[in-house]
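[1] Requesting a structural model of the entry that follows:
(one chain, ligands or ions: 1)
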Amino acid sequence: MIGRLAEVDPVLGELEEELGSLNSPKTVKPCTLALIFKQDRSKVLLGYKKRGFGVGLYNGFGGKIQHEESALEGAKRELEEESGLTSEDLVKIGILYFEFESDPVILTAHLYTSDRFNGVPVETEEMRPEWFDINNIPFTKMWNDDKYWFSFAVENKPFIARFSFKSDLKTIVRHNINFVDPQLLNEVPIWYPKS
Ligand SMILES: Nc1[nH]c(=O)nc2c1ncn2[C@H]1C[C@H](O)[C@@H](COP(=O)(O)OP(=O)(O)OP(=O)(O)O)O1
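    Take a look at the predicted model:
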């Protein structure tokens with residue numbers, strides 16, 4: 001439903017308009033990101049990215065949403081492909097919009113968390129999973145935006161955020177975080193039709 005982000009914050013409204021406008025070169029690349037916690041939330045499972053975008057960094061598990069699937073279906077599939085775990089209890093907790101200088105593609109990460117999962121983490125071609133104490137998250141070896149929002153995911157506070165990076169993929173030139181009604185997270189479109 002176009003227009004919902006503008007109601008939250010004009011900064012998000014601008015982005016929504018650009019994504020929907022025929023005159024703007026901006027397009028969206030929808031991705032998923034899943035954080036798996038131990039049941040008492042004392043530890044989180046992160047994956048060391050061995051190849052591709054974000055190589056050398058620890059991150060949640062996720063990747064591109066396919067055209068035929070929902071964000072939740074994509075999150076479950078990517079979690080299993082990258083960590084070997086399955087979860088029927090992924091809860092959507094955030095949407096992250098990432099812009100990179102001189103790049104018309106806006107990467108959107110639909111963020112899910114769960115503390116119930118099946119299986120044992122396995123190393124895959126893409127990720128090496130590792131449990132981290134919740135009080136010892138390796139922020140210096142993660143994307144620079146993570147330190148801004150990670151605690152909201154841990155504390156179950158639904159949010160929508162927008163981060164603008166320089167082309168070095170490290171420097172954040174602008175950021176904006178809004179706490180939202182959890183229902184809104186499912187109303188924001190995954191794909192923005194150009195109209
Ligand atoms: N700034 C950022 N902070 C963050 O925490 N996660 C980010 C991020 N930028 C990208 N990601 C995550 C979102 C998503 O899970 C992943 C990028 O997805 P990609 O589809 O590019 O990954 P892959 O190259 O692994 O693709 P797949 O082949 O679909 O798995 O990185």
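[2] Any idea how far apart the tips of stretch 119-131 sit?
    End-to-end span of stretch 119-131 (C-alpha to C-alpha, to the nearest Å): 14 Å.
[3] tell me the average confidence for it?
    Model confidence over stretch 119-131, given as mean pLDDT, is 96.
[4] buried set for that stretch?
    Burial within stretch 119-131, assessed by neighbour count using 16 or more other C-beta atoms under 10 Å, is assigned to 121, 124, 126-127, 129. The C-beta positions use only the backbone N, C-alpha and C, and glycine is treated the same way.
[5] ok, so of those, who is nearest residue 35?
    Distances from residue 35 to those, taken as C-beta to C-beta, are shortest for residue 129 (11.9 Å).
[6] quick one: the strands in this structure?
    Using DSSP state E, the strands found in the chain span residues 27-37, 43-49, 58-59, 91-100, 105-114, 127-133, 159-165, 172-179.
[7] In the protein, where is pLDDT below threshold?
    Where the chain drops to pLDDT under 70, the residues are 1-2, 195.
[8] and the residue nearest the centre of it, what is it in contact with?
    Among the residues of the chain, the one closest to the centroid is residue 109, at 3.0 Å (C-alpha atoms, centre = their mean). With contact set as C-beta atoms under 8 Å, 6 or more residues apart in numbering, residue 109 has these partners: 31-33, 62, 95-96, 98.
[9] Go ahead and confirm residue 19 touches residue 25.
    No - at 10.6 Å, residue 19 does not count as touching residue 25 under the criterion of C-beta atoms under 8 Å.
[10] which one of these two has more residues nearby?
    residue 19 (21 against 9; other C-beta atoms under 10 Å).
[11] gap between that one and residue 28?
    Distance from residue 19 to residue 28, counting by C-beta to C-beta, to the nearest Å: 6 Å.
[12] and if you look at residue 108?
    Residue 108 is 5 Å from residue 28, where distance means C-beta to C-beta.
[13] cool, residue 106 as well?
    5 Å.
[14] Over to residue 124?
    Relative to residue 28, and taking C-beta to C-beta, residue 124 is found at 26 Å.
[15] Show me which residues of this structure are close to the ligand?
    Selection of the chain residues close to the ligand by C-beta under 6 Å from any ligand atom yields 31-33, 52-54, 59, 62-64, 78, 98, 107, 109, 126, 143, 145-146.
[16] are any of the residues you listed buried, and which?
    Neighbour-count burial (16+ other C-beta under 10 Å) applied to the residues of the chain next to the ligand gives 31-33, 59, 62-63, 78, 98, 107, 109, 126, 143, 145-146.
[17] In those, find the pair that's most separated.
    Farthest pair in those (C-beta to C-beta) is 126 and 145. Separation: 20.6 Å.
[18] Would you agree residue 122 is in contact with residue 82?
    No - Residue 122 lies out of contact with residue 82 (C-beta under 8 Å); the separation is 9.6 Å.
[19] Spatially, which residue comes closest to residue 165, not counting chain neighbours?
    Distances taken as C-beta to C-beta, 6 or more residues apart in numbering put residue 100 closest to residue 165, at 4.9 Å, once the chain neighbours are dropped.
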